[in-house]
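Asks: only geometry, no sequence info:
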């Protein structure tokens, strides 16, 4: 019997490498007290049919195009798009993204979910601004989103590099959940969301895992520098 091994290669242009290298060099000497103030955010699509590791291939920056969105498959499986965040202090909350995700919806999500969630769960008495990480998808970099950040004194947006998703430790949280995903028979999106929240609650009790992910940031910067942006 032959063995098939799949390799995943991240394609980086010279511009991507330059962006990643500049970011890593700028933050090479940042200590953990800096990264402990950072909120790492991202979106994720979960499927009721998920079981173990699942890989999805799509063109860059097309996650939310209609052809890449599926809410219910013909077999009856459902999907749930969520937005979530983590910090050195642990796993934050997740919110279900209903329908097509737009920049306007992203701004509304920040006002009505993200900020209250940050203050209530992990930063109720944080004296200074919270440092915020998001990738450079078109939704995140839209004008209405940039304007939302302008003039704020409670959030500082970290200028994340192009093709920097692998540097965001929340990706490891999503992978941890999917790799240990126990397939269940969810017939509705709300049941799938409840499954997601149950798994997140388990992960909240494993604080050391999240701390290790965030504590790896200095090492990640060194590795990018050693690989000259790779």
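Replies: The structure has been received and is ready for your questions. For clarity, every value in this text was computed on a predicted model and none was experimentally measured. Numbering: from 1, shown residues only.
Asks: how about the helices of the protein, start to end?
Replies: 14-26, 32-35, 103-109, 115-121, 143-149, 170-179, 189-204, 207-215, 217-226 (DSSP state H).
Asks: Redo the ones you listed as a markdown table? Include mean pLDDT, distance to residue 129 and mean neighbour count.
Replies: Every C-beta, even on glycine, is put in place using the N, C-alpha and C of the backbone. A markdown table is the format used below for the helices of the chain (pLDDT from 0 to 100; distance: least, Cβ to Cβ, whole Å; neighbours: other Cβ atoms under 10 Å):
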| stretch | mean pLDDT | distance to residue 129 | mean neighbour count |
| --- | --- | --- | --- |
| helix 14-26 | 95 | 18 | 16 |
| helix 32-35 | 91 | 12 | 14 |
| helix 103-109 | 95 | 18 | 16 |
| helix 115-121 | 80 | 11 | 15 |
| helix 143-149 | 93 | 11 | 13 |
| helix 170-179 | 88 | 20 | 18 |
| helix 189-204 | 87 | 25 | 16 |
| helix 207-215 | 93 | 18 | 16 |
| helix 217-226 | 95 | 18 | 16 |
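Asks: For the ones you listed, could you give me JSON lines that also reports distance to residue 89?
Replies: Listed next are the helices of the chain as JSON lines, based on distance: least, Cβ to Cβ, whole Å:
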{"stretch": "helix 14-26", "distance to residue 89": "23"}
{"stretch": "helix 32-35", "distance to residue 89": "11"}
{"stretch": "helix 103-109", "distance to residue 89": "21"}
{"stretch": "helix 115-121", "distance to residue 89": "8"}
{"stretch": "helix 143-149", "distance to residue 89": "22"}
{"stretch": "helix 170-179", "distance to residue 89": "13"}
{"stretch": "helix 189-204", "distance to residue 89": "10"}
{"stretch": "helix 207-215", "distance to residue 89": "8"}
{"stretch": "helix 217-226", "distance to residue 89": "15"}
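Asks: what sits against the most centrally placed residue in the chain?
Replies: Closest residue to the average C-alpha location of the chain: residue 42 at 2.5 Å, with Cα atoms, centre = their mean. When contacts are counted by Cβ atoms under 8 Å, 6 or more residues apart in numbering, residue 42 is found next to 83, 84, 85, 134, 135, 165, 168, 170, 171, 174.
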